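In: The following block contains a protein sequence and its predicted model.
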Amino acid sequence: MSGNGVKPAQGKLGVLLPGMGAVATTFIAGVEAVRRGISEPIGSLTQLAHIRLGKRTDDRNPFIRDFVPLSGLEDLVFGGWDPIPDNAYESALNAGVLNKYEHIEPLADFLKGIKPMPAVFDNRYVTRIDGTNVKTGSTKRDLGEQLRQDIRDFKEQHGCDRMVMVWCASTEIFLQPSDVHMSLEKFEQALDADDPAIAPSMIYAWAAIMEGVPFANGAPNLTVDFPAIQDLAKREGVAISGKDFKSGQTMMKTILAPGLKARMIGLSGWFSTNILGNRDGAVLDDPDSFKTKEESKLGVIEHILQPKLHPELYGNVYHKVRIEYYPPRGDNKEGWDNLDIFGWMGYPMQIKVDFLCRDSILAAPIVLDLALFMDLAQRAGMSGIQEWLSFYFKSPMTAPGLYPEHDLFIQHMKLKNTLRHLMGEDQITHLGLEYYEDTVEVS
Ligand SMILES: NC(=O)c1ccc[n+]([C@@H]2O[C@H](COP(=O)([O-])OP(=O)(O)OC[C@H]3O[C@@H](n4cnc5c(N)ncnc54)[C@H](O)[C@@H]3O)[C@@H](O)[C@H]2O)c1
């Protein structure tokens, strides 16, 4: 044990990825490039960020990775599932995110060794993909049992001490929680009955939790966002988190909106549109998958701006989000935002943001941090929803009845304070009055 009862990160950590497409292969290749000393882990808090401890005058600012016991990059082992049988080398080439000569060929030997296991896949839930590398089973429970066996086999073959699963597969069609999601008993009956309300991502989550493997959801799917699976996670003492990686446009939204609100600047409209041409874009071209994404993207502003508390500033915001599939752009998305704001005496102003971003380049370090922090949470005995990891998600999951915290800066403080708490350090409140106490003149 170290710190406040956190078990040390000994041995290998298996990182299992349902979905070995653009995000997953960019993540795997990047970790290997860092391990070989040809790249830096840019965008990753677990690798690059420091954390202040104690008073500003104490001068204690260790790296997060030196402060909390995290798995080292050299101890990570990668595996995954995909209905498309390409190995990580072929999939990375197909994704077109990384430069073939500079970053894929030098890692080819390593990437070719990572082959996806047959997936639990059903194209009623992801309509734009057809795959041949797919499991067959008598029921959804049977498919889940096969995934459990995969997890055990992987652990044994690779000599892993612990495992973690991060969903990097396509966005499934929009599903709302129904009766079968409300209790574990009904959920397991539905697994036996092949109920259509059980999507493949839920079967992966069920299998992971049953095997004691923490599960993070990088897509906006329902997956672990309902009572039955949350009860299971609590029962099995397993950490879960989600949902939908907060990478490009939503990251910008959760940076800008808190700034406007902090200054009590009004907002009348926010129009966001994106063009992207990768496989994710093709999947999101299906209106049912887009609906899942849209729901995830729309909640952000309302929660940050709190229109009920500020009806004069935010009571009438027109918020619209569009995603357009445009193949020539590949993974290099372009996101435009137009904000109609107003200031003193109601005078209108506008802000335009044109973000030429690379989706998977922004998402890869999120996958790394989630894998390492979810493993930390598990070793610290934290089970169920890990709200302190909201920082990484567009649609953070919370305890029932709590509104989600979307403000990136509050999320960041929450994450760091959770790490301080885990290690028995004082919380940092930024009050700072003590620095001035000695300078008060006493007459
Ligand atoms: N890139 C980002 O910035 C970002 C941000 C937020 C969320 N996401 C989400 O992350 C996910 C991955 O994005 P991507 O760009 O890598 O997409 P991608 O299309 O390149 O990869 C997804 C892979 O998942 C596979 N897949 C689909 N259903 C599966 C199943 N049931 N089991 C196993 N594999 C399955 C597909 O065959 C595909 O290879 C998407 O859901 C996307 O919406 C990405």
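Out: That came through, no problem. What you see is a predicted model; the values in this text were computed from it and never measured.
In: What residues does this protein have near the ligand?
Out: 18-24, 81-84, 95, 119-121, 126, 129, 131, 168-171, 200, 218-219, 244-245, 247-248, 278-280, 283, 359-360, 362-363 (C-beta under 6 Å from any ligand atom). Glycine gets a C-beta too; all of them are placed from N, C-alpha and C.
In: For ChimeraX, write the select line for the buried members of these.
Out: Buried members of those can be picked out in ChimeraX with the line below, counting by 16 or more other C-beta atoms under 10 Å:
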select :18,19,20,21,22,23,24,81,82,83,84,95,119,120,121,126,129,168,169,170,171,200,218,219,244,245,247,248,278,279,280,283,359,360,362,363
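In: What about the residues of the chain next to the ligand, which are in helices?
Out: Using DSSP state H, 22-24, 95, 200, 279-280, 283, 359-360, 362-363 are the members of these that sit in helices.
In: residues in contact with residue 144?
Out: Applying C-beta atoms under 8 Å, 6 or more residues apart in numbering, we find residue 144 in contact with 120, 191, 203, 206-207, 210.
In: Can you show me the strands along the stretch 101-250 of the chain?
Out: 160-167, 215-217, 239-242 (DSSP state E, counting those that start in this stretch).
In: Redo the ones you listed as a markdown table? Include distance to residue 342 and mean pLDDT.
Out: As requested, the strands of the stretch 101-250 of the chain are arranged in a markdown table below (distance: least, C-beta to C-beta, whole Å; pLDDT from 0 to 100):
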| stretch | distance to residue 342 | mean pLDDT |
| --- | --- | --- |
| strand 160-167 | 40 | 98 |
| strand 215-217 | 37 | 98 |
| strand 239-242 | 35 | 98 |
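In: Same list (the ones you listed) but as JSON lines, adding mean neighbour count.
Out: Below are the strands of the stretch 101-250 of the chain laid out as JSON lines (neighbours: other C-beta atoms under 10 Å):
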{"stretch": "strand 160-167", "mean neighbour count": "24"}
{"stretch": "strand 215-217", "mean neighbour count": "29"}
{"stretch": "strand 239-242", "mean neighbour count": "28"}
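In: Buried residues in stretch 403-412, which are they?
Out: 404-408, 411.
In: so residue 242 makes contact with residue 393?
Out: Yes - assessed by C-beta atoms under 8 Å, residue 242 is found in contact with residue 393 at 6.2 Å.
In: elements contacting whichever strand or helix holds residue 415?
Out: Assigned by DSSP states H and E, residue 415 belongs to helix 408-422. Helix 408-422 sits against helix 249-262, with contacts defined as 3 or more C-beta pairs under 8 Å, 6 or more residues apart in numbering; DSSP states H and E.
In: For the helix it packs on, buried residues please.
Out: Buried-residue list, helix 249-262, by 16+ other C-beta under 10 Å: 249-254, 256-258, 260-261.
In: what residue ranges in this protein score low on pLDDT?
Out: 1-4, 293, 296-297, 438-443 (pLDDT under 70).
In: how's it carved up into domains?
Out: 12-245+360-422, 249-356 (automatic domain parsing).
In: any chance of these in CSV, with distance to residue 433 too?
Out: Below are those laid out as CSV (distance: least, C-beta to C-beta, whole Å):
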stretch, distance to residue 433
domain 12-245+360-422, 12
domain 249-356, 21
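In: mind listing what residue 404 touches?
Out: Residues near residue 404 by C-beta under 8 Å, 6+ apart: 299, 303, 390, 395-398.
In: what two of the residues you listed have the greatest distance between them?
Out: Greatest spatial distance among the contacts of residue 404 (C-beta to C-beta): 303 and 397, at 13.1 Å.
In: who has more neighbours, these two?
Out: Counted by other C-beta atoms under 10 Å, residue 303 and residue 397 do not tie: residue 397 has more neighbours, with 23 against 17.
In: where does the more buried one land in three-state SS?
Out: coil (DSSP: H, G, I helix; E, B strand; the rest coil).
In: Much appreciated, bye for now.
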